[in-house]
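Asks: quick one, fold the following:
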Amino acid sequence: MRLNPYLSFRDNAREAMEFYQSVFGGELTLTTFSELDASDDPSEGDKIMHGMLESEDDLVLMGADTPSSMEYLEPAGVALSLSGVDETKLRGHWDALSADGIITMPLERAPWGDSFGMCIDKFGTSWMVNITSSDQ
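Replies: So this is what the prediction gives:
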């Protein structure tokens, strides 16, 4: 069993998923509503019914546009967490995710000895980054 984040967007899932691919690398698969004959609304044909990003680091991130017939709820109360020992890679992810977003806690040394930060990216997704200290 694996738990995979699935993000909802309103009309910008393609842009968001391509952004996450630029951050994490990997293979991105995007399927539109028209490809699955999943909407009666012709204006939704090119919108993303299902997107999946699979990175070499075993990260799986999924997302889709919310159809206009459904209520879109802004993300709240959930953050995606990236953690590990590869400081260069994690700082690179941090820099990309926090650019054009909101830094809610700068990435800096935390009381538990690791480097830790929190941000909300330009698509409204909350992220936490924890870089394990080499002292541990």
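
Asks: part of a helix, is residue 133?
Replies: No - under DSSP: H, G, I helix; E, B strand; the rest coil, residue 133 sits outside any helix and is assigned coil.

Asks: give me phi/psi at residue 93?
Replies: For residue 93, the backbone dihedrals (degrees, to the nearest 10) come out as phi -60, psi -50.

Asks: count the neighbours of it for me.
Replies: 19 (other CB atoms under 10 Å). No exception for glycine: its C-beta is placed from N, CA and C like everyone else's.

Asks: pretty sure it contacts residue 81?
Replies: No - applying CB atoms under 8 Å as the test, residue 93 and residue 81 come out as separate, 11.4 Å apart.

Asks: overlap in contacts, the two.
Replies: Counting by CB atoms under 8 Å, 6 or more residues apart in numbering, the contacts common to residue 93 and residue 81 are residue 129.

Asks: separation between the closest residue to residue 41 other than its chain neighbours and residue 91?
Replies: Among residues not flanking residue 41 along the chain, residue 68 sits closest, at 6.2 Å (CB to CB, 6 or more residues apart in numbering). Using CB to CB, to the nearest Å, residue 68 is found at 39 Å from residue 91.

Asks: the protein - how does it break down into domains?
Replies: Structural domains assigned to the chain are 6-65, 80-131, following automatic domain parsing.

Asks: dump those domains into JSON lines; add distance to residue 72 as well.
Replies: Listed next are those as JSON lines, based on distance: least, CB to CB, whole Å:
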{"stretch": "domain 6-65", "distance to residue 72": "4"}
{"stretch": "domain 80-131", "distance to residue 72": "11"}
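
Asks: redo these as TSV? Include mean pLDDT.
Replies: Shown next, in TSV, are these (pLDDT from 0 to 100):
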stretch	mean pLDDT
domain 6-65	94
domain 80-131	97
